[in-house]
Structures are given as C-alpha cells and as structure tokens.
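Participant: sequence first, predicted model second:
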Amino acid sequence: MLLVFAHLLAASMALGAIVATDLRLLSKLAQDRTRIAPPNEFVARIVVVALVVLYATGAAIVWQGLLERPDYLANPKLQAKLVLVVLLTINAFVLHRLTFPRLARGRRVARWHASDWIAIGIPVGVSNFLWMFVAFLGVARAWNGTMPFGEVMVIAVVGYGVAQGAVFAILAVAASGADPIANPRAAFVRRWLASLGNLGRPLSGEDDQAPPRHETPLRHVHDDAAAAAITDAIAGALAERRAQPLRGRRPVTG
C-alpha cells in the first residue's frame, strides 16, 4: 500500500505541475503578441523528480507482483502501460533537448515556422496526453486481464489524436490576431481561453496596459515646487526685459 501511495503521489505531483503550466499558458492568450515561455526550472525539476519516483515505485510494484504471481506481466493493460511509459520518457528527452530551447528564443507564436509547429506542438501534445492516459491506466483496475493490448493502444491513438488537435487549435488561436475589430471571433476565443486559464477570473486587460504611475504626496510637493520655480524664473525674465531702456528705436510722433 505504501508503494502504491508513493506511486500515486508522484503521479499527482507531475500532473499538478503540468496542468498548472497549461493553465498559465492559456492565461497568456489575452495578450496581443502571445509568446510561450518554457516551464521554469522549478516545475521542470518537479516533473523530473516525479518521473524518477514513478520509475522506482513502479519497478518495486512490478517486482512485488512477480513474487506473488509469476504471470503478473501477462496483463495486457500493464503491458500497454509500460510501452506508453517508455514513450513518455523518450518524449521528455525531446522536450528538454528540442522543444524548450526553441521556446526560450521568445519568438511570437504568430511568427513560428513550420519546424516550430512540429518541434513544439507535437511533443507538447504527446506529453499532455500520455501523462493523463498513463495515470488513467493506473486506476483502471477493471481493465486488468480483460482489455486486450491492441484495444488499449487503439484507444490511446484516438485519444492522442484528439489531444493533439486541441493543442494545435489553441496554438492557432494564439497565432491569430487579438484585435476585437479586425478579428472579433479570434479575439473572443482568446479572451475566453484566457479566462479559463485564470480559472474563471475576469480579465481586466492589465497585461495590455502600462503599470500605473505611483503617486505619493512627496511627489506632488516636488512637482508643485518645480512648477513654481519655473513660473518665477519666467516672470523675472519678463520684468528684467521691460526694465531695460529702448535702444535704436525712434519715438513715434504725430
């Protein structure tokens, strides 16, 4: 039970970090020029640590199962889960070696090349789907010994297709214009997705506006003093000019 709990805890840590990162990405869609930054170092470490713990506890669970039943690995669902975990690990290396360095360039989604869509969109779609589906297989005890390997993989392929389509659709929305006049539909979808990323919190457009100037009473005092000094200097210059005698001018006579 402790092994299963540690396995579940590690999966929950990784899924929580991934979902939080996805929601943060959605919240950025309210900005006019959307840029997708790579996950910060702390989130990346959480996922890596969770993956290591999942491997360790998963291996221990399989070893314990083999001690109890020599045919423990004959479960088709377990076989499919192991294959998908291997794919998830390979995709993690692709993310860290290929996808995240491209995101670190800071290029706007609207200016991505075809290679960016492939190197970023596909690994992100694979990662999001595999983490969710592998976690589902971990709790799908009703499939133990009853669901054939081929059917599990077919469900995985269909589910991945849906997830990948959703990722590309969101990226297409991020690449579209956010002007409510020129692109009203795209702007509405972007604002709706951004609100979803903010967990329903209404957007105030703070990202599109400059931060307000911080006003203090001391600032007002300095501004008033500067204005008064300028006014006095101008008045003094005018008075000095009026006091000077007229030179080179002939008086006007009738």
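Facilitator: Sure thing, it's come through.

Participant: so what touches stretch 114-134?
Facilitator: 11, 14-15, 18, 22, 36, 81, 84-85, 87-88, 91-92, 94-95, 98-99, 102-103, 107, 112, 156, 159-160, 163-164, 166-168, 171 (C-beta atoms under 8 Å, 6 or more residues apart in numbering). The C-beta positions use only the backbone N, C-alpha and C, and glycine is treated the same way.

Participant: again, 7 Å this time
Facilitator: With contacts defined as C-beta atoms under 7 Å, 6 or more residues apart in numbering, stretch 114-134 is touched by 14-15, 18, 22, 81, 84-85, 87-88, 91, 94-95, 98-99, 102-103, 156, 159-160, 163-164, 167-168, 171.

Participant: could you do stretch 83-98 as well?
Facilitator: 51, 119, 123, 126-127, 130-131, 133-134, 156.

Participant: over to stretch 23-39?
Facilitator: 21, 100, 103-104, 106, 108-109, 173-174, 178, 190-191, 193-194, 196-198, 203, 207-208.

Participant: in helices only, show me these.
Facilitator: Mapping those onto helices (DSSP state H) picks out 21, 100, 103, 173-174, 190-191, 193-194, 196-197.

Participant: now for Leu171, how many residues are close by?
Facilitator: 21 (other C-beta atoms under 10 Å).

Participant: just the buried residues out of the contacts of stretch 83-98, in PyMOL syntax.
Facilitator: Those of the contacts of stretch 83-98 that count as buried under 16 or more other C-beta atoms under 10 Å are selected in PyMOL with:
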select buried, resi 51+119+123+126+127+130+131+133+134+156
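
Participant: for the contacts of stretch 83-98, which one is nearest Gly236?
Facilitator: Nearest to Gly236 out of the contacts of stretch 83-98 is Ala119 (C-beta to C-beta; 68.6 Å).

Participant: measure the closest one to Arg33 for me?
Facilitator: Distance check for Ala119 against Arg33: by C-beta to C-beta, to the nearest Å, it reads 21 Å.

Participant: and Val162, by the same measure?
Facilitator: 29 Å.

Participant: likewise for Val49?
Facilitator: For Val49 relative to Arg33 (C-beta to C-beta), the value is 34 Å.

Participant: how about Val94?
Facilitator: For Val94, the distance to Arg33 - C-beta to C-beta - is 27 Å.

Participant: over to Leu3?
Facilitator: To Arg33, Leu3 is 48 Å away according to C-beta to C-beta.

Participant: settle it for me: which of these two has more neighbours?
Facilitator: Neighbours were counted for Leu3 and for Arg33 using other C-beta under 10 Å; Leu3 has more, 15 against 11.

Participant: no further queries at this time; thank you.
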